[in-house]
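Trainee: Sequence first, predicted model second:
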Amino acid sequence: DGGITQSPKYLFRKEGQNVTLSCEQNLNHDAMYWYRQDPGQGLRLIYYSQIVNDFQKGDIAEGYSVSREKKESFPLTVTSAQKNPTAFYLCASKRGDANTGELFFGEGSRLTVL
Amino acid sequence: GEDVEQSLFLSVREGDSSVINCTYTDSSSTYLYWYKQEPGAGLQLLTYIFSNMDMKQDQRLTVLLNKKDKHLSLRIADTQTGDSAIYFCAESFSGGYNKLIFGAGTRLAVHP
(Lines give C-alpha, C1' and ligand atoms only; values in the text may rest on other atoms or scores of the structure.)
Protein backbone atom coordinates (compact mmCIF):
# COMPACT_ATOMS: atom_id res chain seq x y z
CA ASP A 1 0.00 0.00 0.00
CA GLY A 2 1.22 3.48 -0.83
CA GLY A 3 1.63 6.02 1.91
CA ILE A 4 3.83 8.17 4.06
CA THR A 5 5.75 6.67 6.95
CA GLN A 6 7.08 8.78 9.78
CA SER A 7 9.39 7.51 12.48
CA PRO A 8 9.76 7.43 15.35
CA LYS A 9 6.19 7.97 16.53
CA TYR A 10 7.40 9.16 19.95
CA LEU A 11 10.77 10.67 20.74
CA PHE A 12 12.25 12.13 23.89
CA ARG A 13 15.24 14.42 23.79
CA LYS A 14 17.38 16.15 26.33
CA GLU A 15 17.98 19.85 25.94
CA GLY A 16 20.95 20.58 23.73
CA GLN A 17 20.62 17.47 21.57
CA ASN A 18 19.83 17.36 17.88
CA VAL A 19 17.26 14.83 16.71
CA THR A 20 16.24 13.69 13.24
CA LEU A 21 12.70 12.73 12.29
CA SER A 22 12.31 10.41 9.35
CA CYS A 23 9.73 10.79 6.57
CA GLU A 24 9.49 8.30 3.70
CA GLN A 25 6.86 8.14 0.97
CA ASN A 26 6.23 5.56 -1.75
CA LEU A 27 3.54 7.58 -3.52
CA ASN A 28 5.99 8.89 -6.13
CA HIS A 29 5.06 12.42 -5.10
CA ASP A 30 7.31 15.28 -6.08
CA ALA A 31 6.62 17.72 -3.25
CA MET A 32 7.12 17.07 0.45
CA TYR A 33 6.40 19.23 3.48
CA TRP A 34 7.06 19.39 7.21
CA TYR A 35 4.48 20.96 9.51
CA ARG A 36 4.52 21.56 13.22
CA GLN A 37 1.33 21.25 15.27
CA ASP A 38 0.86 22.81 18.71
CA PRO A 39 -2.33 22.61 20.80
CA GLY A 40 -4.85 25.27 19.82
CA GLN A 41 -2.83 26.37 16.81
CA GLY A 42 -3.07 25.52 13.16
CA LEU A 43 -0.38 23.62 11.35
CA ARG A 44 2.66 25.78 10.67
CA LEU A 45 4.96 25.10 7.75
CA ILE A 46 8.60 24.47 8.64
CA TYR A 47 10.19 23.47 5.31
CA TYR A 48 9.04 22.22 1.95
CA SER A 49 10.66 20.65 -1.09
CA GLN A 50 9.29 20.73 -4.61
CA ILE A 51 11.91 18.45 -6.16
CA VAL A 52 14.96 16.43 -5.23
CA ASN A 53 17.99 18.43 -4.07
CA ASP A 54 15.89 21.54 -3.55
CA PHE A 55 14.05 22.81 -0.48
CA GLN A 56 12.74 26.10 0.85
CA LYS A 57 12.09 27.59 4.27
CA GLY A 58 8.54 27.83 5.46
CA ASP A 59 7.15 30.15 8.09
CA ILE A 60 9.02 28.78 11.12
CA ALA A 61 12.28 27.32 9.78
CA GLU A 62 14.59 28.67 12.52
CA GLY A 63 16.19 25.85 14.49
CA TYR A 64 15.33 23.20 11.89
CA SER A 65 17.16 21.72 8.91
CA VAL A 66 16.19 19.32 6.13
CA SER A 67 17.65 17.44 3.18
CA ARG A 68 16.12 15.98 0.02
CA GLU A 69 18.67 13.64 -1.48
CA LYS A 70 16.05 11.16 -2.68
CA LYS A 71 12.53 11.66 -3.95
CA GLU A 72 11.17 9.27 -1.34
CA SER A 73 12.83 10.80 1.70
CA PHE A 74 12.64 14.15 3.47
CA PRO A 75 14.18 13.97 6.95
CA LEU A 76 13.83 16.84 9.43
CA THR A 77 16.50 17.65 11.99
CA VAL A 78 15.44 19.55 15.08
CA THR A 79 18.57 21.29 16.28
CA SER A 80 19.49 22.55 19.72
CA ALA A 81 18.87 26.06 18.37
CA GLN A 82 15.11 25.43 18.31
CA LYS A 83 13.93 27.12 21.48
CA ASN A 84 10.68 25.25 21.99
CA PRO A 85 10.87 21.96 20.11
CA THR A 86 8.22 19.98 22.03
CA ALA A 87 5.45 19.49 19.47
CA PHE A 88 3.74 17.10 17.09
CA TYR A 89 5.48 17.01 13.71
CA LEU A 90 3.65 16.08 10.53
CA CYS A 91 5.16 15.21 7.19
CA ALA A 92 3.09 15.52 4.01
CA SER A 93 3.47 15.04 0.29
CA LYS A 94 1.74 16.15 -2.88
CA ARG A 95 1.75 15.08 -6.49
CA GLY A 96 3.53 17.55 -8.72
CA ASP A 97 0.62 17.78 -11.10
CA ALA A 98 -2.10 17.82 -8.46
CA ASN A 99 -4.36 20.72 -9.40
CA THR A 100 -6.41 20.30 -6.27
CA GLY A 101 -3.38 20.76 -4.03
CA GLU A 102 -4.36 17.84 -1.82
CA LEU A 103 -1.76 16.92 0.79
CA PHE A 104 -1.27 13.37 2.03
CA PHE A 105 -0.08 13.20 5.64
CA GLY A 106 1.92 10.74 7.67
CA GLU A 107 0.84 9.66 11.15
CA GLY A 108 3.09 12.18 12.86
CA SER A 109 6.00 12.15 15.31
CA ARG A 110 5.63 13.52 18.82
CA LEU A 111 8.82 15.07 20.15
CA THR A 112 9.18 15.84 23.85
CA VAL A 113 12.14 17.70 25.27
CA LEU A 114 12.92 16.73 28.85
CA GLY B 1 -2.11 38.62 5.48
CA GLU B 2 -3.08 35.01 5.23
CA ASP B 3 -5.20 33.66 8.08
CA VAL B 4 -7.82 31.00 8.64
CA GLU B 5 -10.01 31.10 11.75
CA GLN B 6 -12.18 28.46 13.34
CA SER B 7 -13.90 28.05 16.67
CA LEU B 8 -12.00 25.59 18.84
CA PHE B 9 -14.76 23.36 20.23
CA LEU B 10 -18.13 21.97 19.23
CA SER B 11 -20.23 19.49 21.19
CA VAL B 12 -23.22 17.72 19.62
CA ARG B 13 -25.55 14.89 20.47
CA GLU B 14 -25.30 11.66 18.51
CA GLY B 15 -27.72 11.73 15.58
CA ASP B 16 -27.83 15.53 15.37
CA SER B 17 -26.19 17.58 12.64
CA SER B 18 -22.84 19.28 13.27
CA VAL B 19 -21.87 22.53 11.60
CA ILE B 20 -18.24 23.63 11.72
CA ASN B 21 -17.49 27.13 10.52
CA CYS B 22 -14.38 28.74 9.12
CA THR B 23 -13.38 32.17 7.82
CA TYR B 24 -10.41 32.82 5.56
CA THR B 25 -8.65 35.85 4.18
CA ASP B 26 -7.12 35.03 0.80
CA SER B 27 -9.87 35.91 -1.67
CA SER B 28 -7.88 34.38 -4.53
CA SER B 29 -7.73 30.90 -2.98
CA THR B 30 -8.42 28.30 -5.63
CA TYR B 31 -9.48 25.49 -3.34
CA LEU B 32 -10.69 25.22 0.23
CA TYR B 33 -10.37 22.02 2.19
CA TRP B 34 -11.65 20.16 5.21
CA TYR B 35 -9.28 17.73 6.88
CA LYS B 36 -10.03 15.36 9.78
CA GLN B 37 -7.53 14.39 12.46
CA GLU B 38 -8.19 11.55 14.86
CA PRO B 39 -6.26 11.39 18.17
CA GLY B 40 -2.53 10.90 17.72
CA ALA B 41 -2.77 10.58 13.95
CA GLY B 42 -2.10 12.55 10.81
CA LEU B 43 -4.65 14.52 8.83
CA GLN B 44 -6.92 12.97 6.24
CA LEU B 45 -8.64 14.94 3.53
CA LEU B 46 -12.40 14.80 4.00
CA THR B 47 -13.49 16.98 1.12
CA TYR B 48 -12.58 20.07 -0.83
CA ILE B 49 -14.45 22.69 -2.81
CA PHE B 50 -13.36 24.68 -5.81
CA SER B 51 -13.69 28.40 -5.32
CA ASN B 52 -16.26 28.84 -8.10
CA MET B 53 -18.71 26.52 -6.35
CA ASP B 54 -21.22 27.43 -3.65
CA MET B 55 -21.94 23.98 -2.35
CA LYS B 56 -20.65 20.45 -2.51
CA GLN B 57 -22.34 17.39 -1.06
CA ASP B 58 -20.74 14.04 -0.42
CA GLN B 59 -22.88 11.52 1.49
CA ARG B 60 -23.25 12.91 5.03
CA LEU B 61 -20.99 15.89 4.34
CA THR B 62 -22.15 19.22 2.93
CA VAL B 63 -19.73 22.06 2.29
CA LEU B 64 -21.03 25.60 1.83
CA LEU B 65 -18.87 28.40 0.50
CA ASN B 66 -19.75 32.09 0.71
CA LYS B 67 -17.03 33.86 -1.23
CA LYS B 68 -18.37 37.31 -0.51
CA ASP B 69 -18.03 36.80 3.24
CA LYS B 70 -15.03 34.43 2.89
CA HIS B 71 -16.91 31.88 4.96
CA LEU B 72 -16.72 28.11 4.66
CA SER B 73 -18.77 25.59 6.58
CA LEU B 74 -18.87 21.83 6.95
CA ARG B 75 -22.12 20.16 7.89
CA ILE B 76 -22.07 16.55 9.07
CA ALA B 77 -25.52 14.97 9.02
CA ASP B 78 -26.49 12.27 11.54
CA THR B 79 -23.30 12.77 13.55
CA GLN B 80 -21.86 9.56 15.01
CA THR B 81 -19.35 8.93 17.79
CA GLY B 82 -16.83 7.97 15.13
CA ASP B 83 -16.99 11.56 13.88
CA SER B 84 -15.34 12.78 17.09
CA ALA B 85 -12.08 14.33 15.93
CA ILE B 86 -10.41 17.63 15.13
CA TYR B 87 -11.53 19.21 11.88
CA PHE B 88 -9.20 21.59 10.06
CA CYS B 89 -10.21 24.12 7.49
CA ALA B 90 -7.47 25.05 4.98
CA GLU B 91 -7.13 27.36 2.03
CA SER B 92 -4.70 27.18 -0.86
CA PHE B 93 -2.49 30.23 -0.67
CA SER B 94 -2.12 31.89 -4.02
CA GLY B 95 1.26 33.41 -3.32
CA GLY B 96 3.63 30.91 -4.92
CA TYR B 97 4.18 27.27 -4.11
CA ASN B 98 0.65 26.08 -3.51
CA LYS B 99 1.03 26.27 0.23
CA LEU B 100 -1.96 25.37 2.36
CA ILE B 101 -2.89 27.66 5.25
CA PHE B 102 -4.57 25.77 8.07
CA GLY B 103 -6.91 26.95 10.77
CA ALA B 104 -6.36 25.95 14.40
CA GLY B 105 -8.85 23.12 14.14
CA THR B 106 -12.28 22.54 15.69
CA ARG B 107 -12.52 19.70 18.18
CA LEU B 108 -15.85 17.95 17.68
CA ALA B 109 -17.15 15.95 20.64
CA VAL B 110 -20.13 13.68 20.04
CA HIS B 111 -22.05 12.56 23.12
CA PRO B 112 -24.90 10.08 23.48
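Mentor: Okay, I see it.
Trainee: Please enumerate the strands of the chain.
Mentor: Picking chain A for this. Assigned by DSSP state E, chain A shows strands spanning A:4-7, A:10-13, A:19-25, A:31-37, A:44-49, A:56-57, A:64-66, A:76-78, A:87-94, A:104-105, A:109-113.
Trainee: hmm, I had chain B in mind actually
Mentor: So, for chain B - with DSSP E - the strands run B:4-6, B:9-13, B:18-24, B:31-37, B:43-50, B:55-58, B:61-66, B:71-76, B:85-92, B:100-102, B:106-111.
Trainee: on that earlier part again, of the strands of chain A, which is nearest chain B?
Mentor: strand A:104-105 (3.5 Å; Cβ to the nearest Cβ). The C-beta positions use only the backbone N, C-alpha and C, and glycine is treated the same way.
Trainee: Any idea how many residues pack against the nearest residue to A:Arg68 once chain neighbours are set aside?
Mentor: Counting by Cβ to Cβ, 6 or more residues apart in numbering or on different chains, A:Arg68 lies nearest to A:Ser49, which is 4.2 Å off, once chain neighbours are set aside. As a burial measure, A:Ser49 scores 20 neighbours (other Cβ atoms under 10 Å in any protein chain shown).
Trainee: For A:Ser49, report the pLDDT, please.
Mentor: At A:Ser49, the pLDDT value in this model is 94.
Trainee: circling back to that earlier point, if I average pLDDT within each of the strands of chain B, which one is lowest?
Mentor: Lowest mean pLDDT within the strands of chain B: strand B:100-102, at a mean of 88.
Trainee: List the pairing partners of it within its sheet, with orientation.
Mentor: With DSSP bridges as the test, strand B:100-102 is paired with strand B:85-92 (antiparallel).
Trainee: Okay, buried residues for stretch A:30-39 please.
Mentor: For stretch A:30-39, the buried set under the neighbour-count rule, 16 or more other Cβ atoms under 10 Å in any protein chain shown, comprises A:Asp30, A:Ala31, A:Met32, A:Tyr33, A:Trp34, A:Tyr35, A:Arg36, A:Gln37.
Trainee: got it, and stretch B:21-30?
Mentor: Result for stretch B:21-30 [16+ other Cβ under 10 Å]: buried residues B:Asn21, B:Cys22, B:Thr23, B:Tyr24, B:Asp26, B:Ser29, B:Thr30.
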